[in-house]
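>>> Generate a structure from the sequence data that follows.
(chains A and B)
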Protein chains: 2
Amino acid sequence: MTPTIGVFDSGFGGLTVLRELLHLVPNARYLYLGDTARLPYGSKSRETIVRYALSSARFLQEQGAELLVIACNTATALALEELQAALPIPVIGVVDPGTRAAARACPPATNGEQAGILVLATQATVESHAYARSCQSVGLHATEKACPLLVPLVEEGWVPNHSEADTSVVTSQVLRIYLREALEHMPSARAVLLGCTHYPLLRQAIERTLTDLQHPVPVIDSAEATAEAVASQLAASANYGHATAAGCEFFATDSVEKFARLGTRFLGQPVKDVHLIDLGG
Amino acid sequence: MTPTIGVFDSGFGGLTVLRELLHLVPNARYLYLGDTARLPYGSKSRETIVRYALSSARFLQEQGAELLVIACNTATALALEELQAALPIPVIGVVDPGTRAAARACPPATNGEQAGILVLATQATVESHAYARSCQSVGLHATEKACPLLVPLVEEGWVPNHSEADTSVVTSQVLRIYLREALEHMPSARAVLLGCTHYPLLRQAIERTLTDLQHPVPVIDSAEATAEAVASQLAASANYGHATAAGCEFFATDSVEKFARLGTRFLGQPVKDVHLIDLGG
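Below you'll find the model as predicted:
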């Protein structure tokens, strides 16, 4: 039987998680919801984020999702427990898979000292300290750094490439400011964890900036680790032994044209068949 | 009798309009609503913006507003007509007052040729072409330029001052990129009109960038002109001849703490007594 997997994000960033899911768990039917009329979540309060996440998650369950992936760090950090309590289906977030990936990359020092990692995330995710708690549980010490400009820079398409475009220079400077501030708080950081699903589009620029700052450490994102967590969950359900690929369906709460256009950049393949829905916002 | 004036914005930018209103029309009671749970409007579709603006405007009318100021360029550009049709009270937007101020600053050339002005605004405002139409009606020719990064930069507090801080350098570079692109389309621009209520916080930086680009023209914002339009509307109502100042009350749809903190920067005086409301989003 083919499982139906709901994937939810405030906007487009969760498509970087869907991309890994399509690679690692191709034999499923995917329902992706971007709550684009109410994005961004990252600058808003816990109460508002919980309310938005609950209505989005319920919509996907009503559409038939048997497993829900919260492909949004902010919604995971602020609302995972509420979502798990409210829904009768398994709910998997991106925070714990990300920190497990970081733990694999940074084993404890031989003297038993905890490795320190740097988590880049939205304001709301940082203020929740969800990553600090999750890291602690796997023996890592985390410094959390809010990077509010990275999401708008990615959405504006000012993603540095190897050219010397002025727009690339701006994003590189913003990264330099954020990373330098963060490394001042944790000069011994052994890895950088991307705590927002927009940031994988800046991975190479972040790696270059770390090298420029003479701090070349691994950069880890939670998309692949989250896809692995979904695969494990499905493997544990014998029902899904002989599933077949059944494609993706997309839902958005704001302009479907914009979703298809921006989404293609995040998914790495064309986004088609986007349905406009109203969650009452 | 003291008039009650409702002032509405998606967030904080409208406080730059309220600041001018308090200066020019001090003898009124003000109700300010920032729809912070659903901001920003500037990157969203017409349908979503109209829906959000209507619910916000109705709230202020229910609270007793006798005159409504749409202190948000995006909501004015996309929803002014719908708001005027739906509400039984006068509704004043920021677009027409802004273009009238631009027309005063840029009279037609002696050969009768229309003066060209550059309008900086959000993506949604630019796509609506509300400024192009409004400018045309007062004999100006407009080039509209979307500047999506300016709102997040202002909200991050990276506002250039006379210091050489790295953050100031980033914002100056972003302004240089946007203004250079815009001036390539309109090398003869005789003024720059700030078509977003966040941008007055960048006025000096915009003036400096124009000078650097060897294009030092006047920079005009609609806040003062909008306050003048409100004063005229009230003067036309004999009822309000002997009004007394009655203060401001603030409403927000997301965190009241954040509203008070960020709002103080926009209003130029402390923002107190913020009430959290739910518009059902």
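>>> mind listing what residue A:160 touches?
Neighbouring residues of residue A:160 by Cβ atoms under 8 Å, 6 or more residues apart in numbering or on different chains: A:168-169, A:171-172, A:202, A:204-205, A:208. C-betas here are computed from N, CA, C, even on glycine.
>>> pLDDT score assigned to it?
At residue A:160, the model reports a pLDDT of 86.
>>> Just give the number of residues close to the residue of the stretch 1-150 of chain A found nearest chain B.
Proximity to chain B, evaluated over the stretch 1-150 of chain A using Cβ to the nearest Cβ, is greatest for residue A:45 at 4.0 Å. Neighbour count for residue A:45, taken as other Cβ atoms under 10 Å in any protein chain shown: 22.
>>> gap between it and residue B:37?
Taking Cβ to Cβ, to the nearest Å as the measure, residue A:45 falls 8 Å from residue B:37.
>>> and what of residue A:274?
The separation that residue A:274 has from residue B:37, given Cβ to Cβ, amounts to 24 Å.
>>> so where's the stretch 101-250 of chain A shaky on pLDDT?
Scanning the stretch 101-250 of chain A for pLDDT under 70 picks out A:162-163, A:238-243, A:245.
>>> now the strands for it?
Remark: strands assigned in the stretch 101-250 of chain A by DSSP state E, counting those that start in this stretch are A:115-121, A:140-146, A:191-194, A:219-221, A:248-252.
>>> how about the third one: buried residues?
Judged by neighbour count using 16 or more other Cβ atoms under 10 Å in any protein chain shown, the buried positions of strand A:191-194 are A:191-194.
>>> Can you tell me which of these lies closest to residue A:96?
Proximity of those to residue A:96 was ranked by Cβ to Cβ; the top entry is residue A:193 with 11.9 Å.
>>> coming back round to it: quick one: which two of the contacts of residue A:160 are the most distant?
A:169 and A:204 (15.0 Å).
>>> The residue sitting furthest away from the middle of chain A and residue A:191: what is the separation?
Distance to the chain centre peaks in chain A at residue A:111, reaching 32.7 Å (criterion: Cα atoms, centre = their mean). Residue A:111 sits 18 Å away from residue A:191, going by Cβ to Cβ.
>>> Now for residue A:45 and residue B:37: what residues contact both?
Taking Cβ under 8 Å, 6+ apart as the contact criterion, the residues that touch both residue A:45 and residue B:37 are residue B:254.
>>> and residue A:33, that's in a helix?
No. The assignment for residue A:33 (DSSP: H, G, I helix; E, B strand; the rest coil) gives strand, which keeps it out of a helix.
>>> If we check chain B, which of the contacts of residue A:160 are in contact?
Contacts with chain B within the contacts of residue A:160, counted by Cβ under 8 Å from any Cβ of the partner chain: residue A:169.
>>> quick one: the residue nearest to residue A:249 when sequence neighbours are not counted from residue A:246, how far?
The shortest distance from residue A:249 to any non-neighbouring residue, by Cβ to Cβ, 6 or more residues apart in numbering or on different chains, is to residue A:31 (5.3 Å). Applying Cβ to Cβ, the value for residue A:31 to residue A:246 is 10 Å.
>>> Which positions in chain A make contact with chain B?
Contact residues, chain A versus chain B (Cβ under 8 Å from any Cβ): A:36-38, A:43-45, A:48, A:52, A:148-149, A:152-153, A:155-156, A:158, A:166-167, A:169-170, A:173-174, A:176-177, A:253-255, A:258, A:280-281.
>>> wait, the residue nearest to residue A:249 sits on residue A:6?
Yes. With contacts defined as Cβ atoms under 8 Å, residue A:31 counts as touching residue A:6 at a distance of 4.9 Å.
>>> shared neighbours of those two, which are they?
Counting by Cβ under 8 Å, 6+ apart, the common neighbours of residue A:31 and residue A:6 are A:60, A:63, A:65.
>>> In JSON lines: those, plus neighbour count, secondary structure and pLDDT.
Supplementary listing: the shared contacts of residue A:31 and residue A:6 in JSON lines, determined by neighbours: other Cβ atoms under 10 Å in any protein chain shown; DSSP: H, G, I helix; E, B strand; the rest coil; pLDDT from 0 to 100:
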{"residue": "A:60", "neighbour count": "23", "secondary structure": "helix", "pLDDT": "98"}
{"residue": "A:63", "neighbour count": "15", "secondary structure": "coil", "pLDDT": "97"}
{"residue": "A:65", "neighbour count": "25", "secondary structure": "coil", "pLDDT": "98"}
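>>> one step back: which one's more surrounded, residue A:274 and residue B:37?
In this comparison of residue A:274 against residue B:37, neighbours counted by other Cβ under 10 Å, the higher total goes to residue B:37 at 26 against 20.
>>> with the buried residues of strand A:191-194 in mind, which one is nearest to chain B?
Checking the buried residues of strand A:191-194 one by one against chain B (Cβ to the nearest Cβ), the nearest turns out to be residue A:194, at 18.8 Å.
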